[in-house]
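K.L.:
After the sequence you'll find the predicted model.
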Amino acid sequence: MSDVISIIDLQEFNQESRETFIERLLYAGQTILLIGKQKTGKSYLAEQLSGHLAAGVDWGNGQLGIPKPLGVLYVLTEGTRWDLAERINPLSSFLNGKHLRQLKENWNGWRPNRLDLSSIDGAGMDGLLARLREFEIEVLFIDSLYSSFSGSTSNEDQISAVSITVGEIKERFPRLSIVILHHEHRERRDQKGEVINEGFESFSGSWVVSAMGDGMWLYTSKGNQAGSYRELAFGNIRSRFQGQTSFRIDLDEKTGLLTAEAKGSTEGLQDFELWFRKVGKASKNQVQAYFTGAKLAQSTMYRYIDTLKRQGRLIEADVNGKPGLVYTPEATRTGDSE
């Protein structure tokens with residue numbers, strides 16, 4: 001029977017490199033829930049990130065590596081075309097050359113009159129499926145969940161129907177990644193009247209909402225009157241491929257662009273340094289093989305190498321007659337003491 005999966009099939013699957021869309025964050029075939037309170041700017045974030053994916057431009061100073069441009073469809077089920085333009089235009093004004101061409105070629109927006117994800121035959125679904133095929137879409141953004149069907153996210157049967165439809169879409173398009181925007185529920189307070197921080201459990205509606213996704217991105221407001229910013233945290237629901245870290249997100253008032261900076265996540269860099277401590281030296285081909293095996297983008301490789309070189313931990317040298325790098329912990333201690 002063709003639908004039977006053998007141990008050999010699973011071993012072969014585990015040996016495959018899962019295709020990276022955003023380094024350590026988004027992989028082919030995943031469904032992600034982007035959760036945040038109303039008016040936190042989820043849509044602004046999602047649309048600019050969709051533009052980076054379409055253009056193939058890394059984000060967050062290269063810390064969110066995007067290996068190649070991807071076909072993107074951004075479906076707006078609430079708001080207007082003016083909203084779409086306001087969020088994507090800052091990025092299109094900033095890019096130039098091939099990246100601007102790739103943005104124009106790969107990014108597609110759609111504001112359907114109505115979209116009903118309750119059924120694969122629901123309103124607007126023919127148009128959605130047709131666009132996925134015609135434009136060879138690899139990443140689909142749905143903004144937002146509650147306005148994409150006529151039921152309630154608190155009704156398990158109704159939201160389960162949406163989950164089934166999402167599954168059917170992915171069966172037809174196995175490489176497709178889907179990012180679904182959704183609101184948090186109202187604040188809950190403890191007996192002292194203080195707001196309870198529920199983190200990734202703050203989504204509105206039934207538990208079935210979370211079961212729909214492989215991972216969850218939580219977008220929250222931070223700071224105080226002296227200065228505010230947003231934080232984007234990445235949580236793992238069930239996929240071991242999912243990265244877990246957080247980024248500070250700031251809006252550049254002059255350009256309208258969002259900037260991202262990793263917050264306290266040096267795990268990847270530490271792993272890379274530990275590897276170099278063990279091997280002592282490596283050719284550049286061996287270093288490249290390490291990053292390929294770790295599913296990290298080339299931009300991250302350059303950043304890690306540059307960081308360790310500046311700290312005196314790595315120096316360039318011949319390794320077995322080939323260009324390479326040597327780990328030098330003594331040089332680090334000398335440099336740190338100066």
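P.N.:
Done, it's in. Numbers count the residues shown, from 1 in each chain.
K.L.:
Need the single longest helix in this protein, by residues.
P.N.:
The longest helix of the chain (DSSP state H) is helix 156-172.
K.L.:
which residues are contacting that one?
P.N.:
Identification of contacts with helix 156-172 by CB atoms under 8 Å, 6 or more residues apart in numbering yields 29, 31, 117-120, 122, 125, 128-129, 132, 140, 145, 148-149, 151-153, 176, 178, 180, 205-206, 208-209, 211-212. C-beta coordinates here come from the backbone N, C-alpha and C atoms, glycine included.
K.L.:
Give me the buried subset of the residues you listed.
P.N.:
Taking 16 or more other CB atoms under 10 Å as the criterion, what is buried in the contacts of helix 156-172 is 29, 31, 117-118, 120, 122, 125, 128, 132, 140, 145, 148-149, 151, 153, 176, 178, 180, 205-206, 208-209, 212.
K.L.:
got the residue ranges for the strands in the stretch 1-150 of the chain?
P.N.:
In the stretch 1-150 of the chain, the segments counted as strands under DSSP state E, counting those that start in this stretch are 20-22, 26-27, 31-36, 72-76, 107-110, 139-143.
K.L.:
Can you convert these into a markdown table and add a column each for distance to residue 184 and mean pLDDT?
P.N.:
A markdown table is the format used below for these (distance: least, CB to CB, whole Å; pLDDT from 0 to 100):
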| stretch | distance to residue 184 | mean pLDDT |
| --- | --- | --- |
| strand 20-22 | 23 | 91 |
| strand 26-27 | 21 | 90 |
| strand 31-36 | 6 | 94 |
| strand 72-76 | 20 | 98 |
| strand 107-110 | 25 | 97 |
| strand 139-143 | 15 | 98 |
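K.L.:
so which of those comes closest to residue 310?
P.N.:
Among the strands of the stretch 1-150 of the chain, strand 20-22 comes nearest to residue 310, with 25.9 Å by CB to CB.
K.L.:
Neighbouring strands of the closest one in the sheet, and parallel or not?
P.N.:
strand 26-27 (antiparallel) (DSSP bridges).
K.L.:
just to revisit the earlier point, now for the helix or strand following the longest helix of the chain, which elements pack on it?
P.N.:
Counting by DSSP states H and E, the element after helix 156-172 in chain order, helix or strand, is strand 177-183. Here strand 177-183 touches strand 26-27, strand 31-36, helix 42-55, strand 139-143, helix 156-172, going by 3 or more CB pairs under 8 Å, 6 or more residues apart in numbering; DSSP states H and E.
K.L.:
Serialize the ones you listed to a markdown table and add fields for distance to residue 324.
P.N.:
Formatted as a markdown table, those follow (distance: least, CB to CB, whole Å):
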| stretch | distance to residue 324 |
| --- | --- |
| strand 26-27 | 30 |
| strand 31-36 | 38 |
| helix 42-55 | 32 |
| strand 139-143 | 36 |
| helix 156-172 | 43 |
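K.L.:
Among the ones you listed, show the one with the smallest mean pLDDT.
P.N.:
When the helices and strands packed on strand 177-183 are compared by mean pLDDT, strand 26-27 comes last with a mean of 90.
K.L.:
Centre of the chain to that strand, how far?
P.N.:
From the chain centre to the centre of strand 26-27 is a distance of 6 Å (CA atoms, centre = their mean, to the nearest Å).
K.L.:
Which residue ranges make up each domain of the chain?
P.N.:
Using automatic domain parsing, the domain parsing of the chain gives 18-262, 267-337.
K.L.:
Buried residues, the longest helix of the chain. List them.
P.N.:
158-163, 165-166, 169-170.
K.L.:
Now flag whichever of those residues is closest to residue 248.
P.N.:
residue 166 (30.4 Å).
K.L.:
give me the number of residues near the residue lying closest to residue 55 once chain neighbours are set aside?
P.N.:
In space, and not counting its chain neighbours, residue 55 is closest to residue 103: 4.1 Å by CB to CB, 6 or more residues apart in numbering. If you count neighbours by other CB atoms under 10 Å, residue 103 ends up with 24.
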